[in-house]
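> Let me see the structure of the following:
(chains A and B)
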Amino acid sequence: MARVALGVWLMACLLAPARATTLERLSLDEMIVKSTAIIRGRVLSSQAISHNNLVYTHFKVQVLERWKGPNEAVADVAVPGGKAGKLRQSYAGAPELTEGGEYLLFLWTGRSGLTQVIGFSQGAMTLAKDGKGDLVVTRAASRELMLDPRTGQPVADAAVLMRLREMSDRIARTLAQGARQ
Amino acid sequence: MRGIRRWASIAAAVLAAAPLGAYYHYIHYTNRTAPYGPIAEKFNLAALPNKTVTFFVSDQGPVQYQAGDSFASVLSQVQEAARAWNSVATSDLRVAFGGLYTAGTPQSTPGGEVVFEELPPGLLGLGSPTGLGEVTDGPNGPFVPITRSVVRLSNDLTRRPGPSYSEAFFLTTLHEMGHALGLQHTLTSSTMSTDVTRSTSRAKPLDDDDVAAISLLYPAQGFAAAFGSLAGRVTAGDQGVHLASVVAIRQGGAAISALTNPDGTYRIDGIPPGQYLVYVHPLPPATQDGFGPANVVLPVDADGQRVPAGGAFDTVFYPGTRDLSGSTPIAVKAGKTVGGIDFAVRQRPYSPIYGVTTYSFYDQTPVKPGYLNTEPGWGTVVAYGAGLTRNGEVAPDLGVTSLDGSAAFAPWSFRAYGNPTFLAFDLLFNFASGTGPRHLLFWNANDIYVLPAAVHLVQGRPPSIRTVTGGVDEKGRRTVIVAGAGLTAQTKFYFDGAPAAVRSIDVEAQGAVLTPPPAPRGYRATLTAVNPDGQTSMFVQAQAPPAYTYDYGAEPAVFFTPAALRAGSEGMVEIRGINTSFAEGSTVAGFGSNDIVVRRLFVVSPDRALANVTVSGAAQPGWTAASVVTGLEAARPASGFRVLDADSNTPSLRLQVLNQETGGTILWPGVVAVVTGSNLTALGAPPVTVTLRNAAGDAESALEVISALPDQITFRIPEGFPTGTAVLRVDGGYDAPLRLALTIDPPPPVIARILNGAGEAVNTGRPARGGDVLTIQLTGMGAQDQTIDASRIRVEIGGLSQAVLQNGWSPDTPGVYLVQVKLSPEVAAGTAAVTVSLDGRTSRPFAIAVEQSLP
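Residues are numbered from 1 along each chain as shown, chains lettered A, B, ... in the order given. You can find the predicted model right below:
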């Protein structure tokens, strides 16, 4: 029992682990806060472009609903990888957006102006209709080791499955909390 | 029955036709139905200079660093990562660090790039090969050529996996570089596993599965003969299961895996000989619909469409049991394939246990994977993964054991705690537990899960560094003296990512004397001690790592002469340094482009080096980012380096100078040599002059030109010319003399006499026979006080290599060296030529008479 208690204490005081990951887990709330845009959109088209030997596939996404970010009708979302001319690059875990597909996207625009999906595949959630015709947001749990960026603790990454209106409420609540702080 | 025979014949055809078996790679299929022949993306070795992929690092480095971190540290880690992949002897691919480059530099020669960019939150690094996606025929079968590869790291090293001097940054760079070379994820806890299960370390950066993966893609001669293979098929019902992972695992040793083809067939190559358990398991689920499981990039078919993976199924050991005691070990032999290792699995909707990560603790620091000191007799493992806990409690019916029985699970020790919930349990050790990686088997009522190298058993605590003191030795050379704990005779030390030369380690006093890698004055390097068991000082000192600040030296500067070469030309570039520390084997000179290749770098002194350089004919005219890196010292010529337009009328030399007598490249005083080129002579031009000047500059000779043709000049190296690095200078009234660096070697040995067992000279009257012990008397073997290891000596008689029995200086005759061999019976009767080579310098043949061997 003493060892268990010690273990609990240790876990509570966890410092950054000696080793790290190539993916970092973001909670839903963190994605909401860290995103520069959150949209529901339908993919209109895609085009892979190579710049300095780095291939990005640019997806034109018709913005159907917006919770955060610039007021634009079409968002340009860049995902690493794709086939540009004869050049082809593939990155494991890169989100794949299908033309015509509808997604909930947590986006991040950096200083360069490039808009990407936050957390690689973490920020891309599929939308589908349930039996009642309601839109449901889904994303399979990631099994990449996820670290809580605050504590460095490994964290669970739960599958996201909720109705869109519940997600909408959650986003609004989190944004409002952030605005009040 | 007919169906089974049909599948068997198809499976056999697949096995016969498949150019690549084990799936570690980016795969293309050229057909949509069985039989499937997976075709991998890989570099074309024939298109690479010296079969080498050179990684250049973008000169637009990271923009944010943690305190104590630096771009030089980043470069040192990239260099170490390249060195690790280059160390695989069974791979024919060489990997090199090329220095800096400027993004956007047009390049035609295949190679790699490391770039730093703004990555969105949640993404720390990625790597990928770049190719055209077109299948090409190669000597080892069809493949899809990689044209360039890219490793993309965050430009903000205040975020993980930074700081750059950390093991995390090194392993991330190593992992992403593996992707760039053509490797995908595996689940054997090797470097190419994701960080969920990765169990490699700076002490052992590459595991057996990594070695197999890169060797399978770029096999060196002898690879297949040195390793064994397993093959079979995974089916569910009568359908093949695609992307099932089949693992050959040795208790306490290697784990090698492969993924199945769409028809369920598989082949695991590169297995070190030994006894293995074999199991099949489904990959962890994908993070997004349409992804491959474990985020593997799905293979593509002939239409470029992704081929979907099969679903989850029961994990079983061969021949089909969850019971470890019921599994059948398979003996793997070098050069042999064991076929028919088939699995019939039961599909299920999901895998209950997967994605398990293990930890241990040193004081307050968690370490992944777990390192357990066996000296106390027990150790605590903390694990996290799907299926280990439920609702905050230990999952029902959960059990764990080590695969080889070296550690016993203490069943009373299972406990769950925290939010999210972790599982902790104790392992008990005994005198036979040994040390090294140990595989764990987790199970519940209806599933098993194997985690290779889940924990590392060690004896003793990790190393730590208590004090760091700069000093100077009796010859005025800089030293760093460290005192610490947990140091062993094999402890290595790193200054950021650059290894330090260990001059001495006093295990009893727990101290070491190091030669620090070069760095400019004021540079602050973070020190890490790494033990061969994988433990590092960062286990216990990550929050306040020891550092060394260089209190000597100054900012380095380098100058290149010439500062330009033409596309399609070869030549020598002299590199002069100020405040530099050039060192043979450590210094890397790069010209910012894979189209400009340093064929050889001769380090003459700490401030002078000579680079023989080839510029591809496809190199684009313009400026490139040249650099010279030695340890933590990096310098760039102020004006960069320029590629000029190609000009077929300009005189040019080829770098290779040949010994006219031997046809080889070893030159010594007195020999006639040939250098080739173009436009070396012309009507009306002054006669060609050739001079040779040694690197020290105290010997220069105008050489006898035997013949001068537009494409070839023949000359004699004067007798007595000093050995070592020299510069050959050719001038025929050119705009500028042509220069190249070369090495003047000592003359080869000279065979004086060959004696038989009776001490008599072997001749036609006293021929040698197979089985006779012959003593070869040699001169020109160097200084009498030198001890020559037999490995440096090669003896051939009649074209056949002869094993050296004994070698050493003659006790009777000064200057004479004796080499004793036993004449092989396979040497043909008649006159046989005897040659002796020392370090590749071969004597002139010495003829002896050989008689038919007695039966």
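
> For residue B:596, give me the pLDDT.
Per-residue pLDDT puts residue B:596 at 97.

> out of everything not next to it in sequence, what's closest to it?
Distances taken as Cβ to Cβ, 6 or more residues apart in numbering or on different chains place residue B:615 nearest to residue B:596, at 5.3 Å, with adjacent residues excluded. Where you see a C-beta, it was placed from the backbone N, CA and C, and this is true even at glycine.

> Around the residue in chain A that chain B sits nearest to, count how many other residues there are.
Distances between chain A and chain B by Cβ to the nearest Cβ are smallest at residue A:119, namely 2.7 Å. Look at residue A:119: counted by other Cβ atoms under 10 Å in any protein chain shown, it has 28 neighbours.

> Would you confirm that it contacts residue A:106?
Yes: Residue A:119 is in contact with residue A:106 according to Cβ atoms under 8 Å; the separation is 7.5 Å.

> what is in contact with those two at once?
Residues touching both residue A:119 and residue A:106 by Cβ atoms under 8 Å, 6 or more residues apart in numbering or on different chains: residue A:31.

> I'd assumed residue B:610 was in a strand, is it?
Yes: according to DSSP: H, G, I helix; E, B strand; the rest coil, residue B:610 belongs to a strand.

> now it, nearest residue through space, not along the chain?
Using Cβ to Cβ, 6+ apart, the closest residue to residue B:610 is residue B:741 (3.9 Å).

> Output the lowest mean pLDDT helix or strand found in chain A.
helix A:2-12 (a mean of 33; mean pLDDT, DSSP states H and E).

> sorry, back to before: and the residue nearest to residue B:596, how many neighbours does it have?
23.

> try residue B:139
Neighbours of residue B:139 (other Cβ under 10 Å): 7.

> Please enumerate the helices of the stretch 401-550 of chain B.
Taking DSSP state H, counting those that start in this stretch to define them, one finds helices in the stretch 401-550 of chain B at B:538-541.

> which residues touch the spatially closest residue to residue A:124 that is not a sequence neighbour?
Leaving out its chain neighbours, the residue that sits closest to residue A:124 by Cβ to Cβ, 6+ apart is residue A:95, at 3.8 Å. For residue A:95, the contact set (Cβ under 8 Å, 6+ apart) comprises A:79, A:117, A:120, A:121, A:123, A:124, B:288.

> and the fourth one, how many neighbours does it have?
When neighbours are defined as other Cβ under 10 Å, residue A:121 has 25 of them.

> ditto for the second one
For residue A:117, the number of neighbouring residues by other Cβ under 10 Å comes to 28.

> That one reaches residue A:124, doesn't it?
Yes: taking contacts as Cβ under 8 Å, residue A:117 lies within contact range of residue A:124: 5.1 Å.

> Now list whatever residues contact both of these two.
Common neighbours of residue A:117 and residue A:124 (Cβ under 8 Å, 6+ apart) are A:95, A:105, A:106.

> tell me the SS of the last one?
Yep, that's residue A:106 we're talking about. Relying on three-state DSSP, one would call residue A:106 strand.

> got a list of what the nearest residue to it once chain neighbours are set aside touches?
Excluding its sequence neighbours, the residue lying closest to residue A:106 (Cβ to Cβ, 6+ apart) is residue A:123, at 3.6 Å. Neighbour list for residue A:123: A:26, A:31, A:35, A:95, A:105, A:106, A:107, A:108, A:117, B:120, B:122 [criterion: Cβ under 8 Å, 6+ apart].

> Could you report the separation of the fourth one from residue A:55?
According to Cβ to Cβ, to the nearest Å, residue A:95 stands 15 Å off from residue A:55.

> cool, the second one as well?
Separation of residue A:31 from residue A:55 (Cβ to Cβ): 25 Å.

> again, but for the last one
As judged by Cβ to Cβ, residue B:122 and residue A:55 stand 20 Å apart.

> Establish whether the next helix-or-strand element following the least confident helix or strand of chain A and chain B are in contact.
For helix A:2-12, the succeeding helix or strand toward the C-terminus, using DSSP states H and E, is helix A:28-34. Yes: using Cβ under 8 Å from any Cβ of the partner chain, helix A:28-34 reaches chain B at A:30, A:31, A:34.

> Most neighbours out of those, which is it?
residue A:31 (23 neighbours).

> State the pLDDT value of the closest residue to that one other than its chain neighbours.
Excluding the flanking residues, the one nearest residue A:31 by Cβ to Cβ, 6+ apart is residue A:106, at 4.4 Å. Residue A:106 carries a pLDDT value of 95.

> Thought residue A:35 was touching residue A:106, still the case?
Yes: counting by Cβ under 8 Å, residue A:106 does reach residue A:35; the two are 4.3 Å apart.

> Those two - which one has more neighbours?
Per other Cβ under 10 Å, whichever of residue A:106 and residue A:35 has more neighbours is residue A:106, with 30 against 26.

> Check the gap between the more buried one and residue A:96 for me.
Residue A:106 sits 16 Å away from residue A:96, taking Cβ to Cβ as the criterion.

> Can you check which residues contact both of residue A:106 and residue A:35?
A:118, A:123.

> just the strands in the stretch 451-600 of chain B please.
B:464-472, B:478-485, B:492-495, B:498-499, B:501-506, B:511-515, B:524-530, B:547-549, B:557-561, B:564-566, B:570-578, B:588-590, B:596-605 (DSSP state E, counting those that start in this stretch).

> If you could redo that for chain A, that was the one I meant.
Secondary structure of chain A (DSSP state E): strands located at A:37-51, A:54-68, A:74-80, A:82-84, A:87-89, A:102-109, A:115-117, A:124-129, A:135-139, A:160-163.

> For residue B:264, find the nearest of the ones you listed.
Judged by Cβ to Cβ, the one of the strands of chain A that comes nearest to residue B:264 is strand A:87-89, at 27.2 Å.

> quick check, stretch B:204-212 touching chain A?
No: Stretch B:204-212 does not reach chain A (Cβ under 8 Å from any Cβ); its nearest approach is 12.9 Å.

> likewise stretch B:308-323?
No: Stretch B:308-323 does not reach chain A (Cβ under 8 Å from any Cβ); its nearest approach is 12.4 Å.

> CA atoms only for that stretch, dumped as PDB, please.
What follows is stretch B:308-323 as a C-alpha-only set of coordinates in PDB (Å, rounded to 0.1, in the frame of the first residue of the first chain):
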ATOM      1  CA  PRO B 308      -7.800  -1.300 -47.200                       C
ATOM      2  CA  ALA B 309      -6.600  -3.300 -44.200                       C
ATOM      3  CA  GLY B 310      -8.200  -6.300 -42.700                       C
ATOM      4  CA  GLY B 311     -10.000  -5.900 -39.400                       C
ATOM      5  CA  ALA B 312      -9.200  -7.000 -35.800                       C
ATOM      6  CA  PHE B 313      -8.700 -10.600 -34.900                       C
ATOM      7  CA  ASP B 314      -7.400 -12.800 -32.100                       C
ATOM      8  CA  THR B 315      -3.700 -12.600 -31.400                       C
ATOM      9  CA  VAL B 316      -2.200 -16.100 -31.300                       C
ATOM     10  CA  PHE B 317       1.100 -17.800 -31.100                       C
ATOM     11  CA  TYR B 318       2.000 -20.300 -33.800                       C
ATOM     12  CA  PRO B 319       0.500 -22.800 -34.500                       C
ATOM     13  CA  GLY B 320      -2.700 -21.100 -33.200                       C
ATOM     14  CA  THR B 321      -2.800 -20.700 -29.400                       C
ATOM     15  CA  ARG B 322      -3.000 -18.000 -26.900                       C
ATOM     16  CA  ASP B 323      -1.200 -20.300 -24.400                       C
END
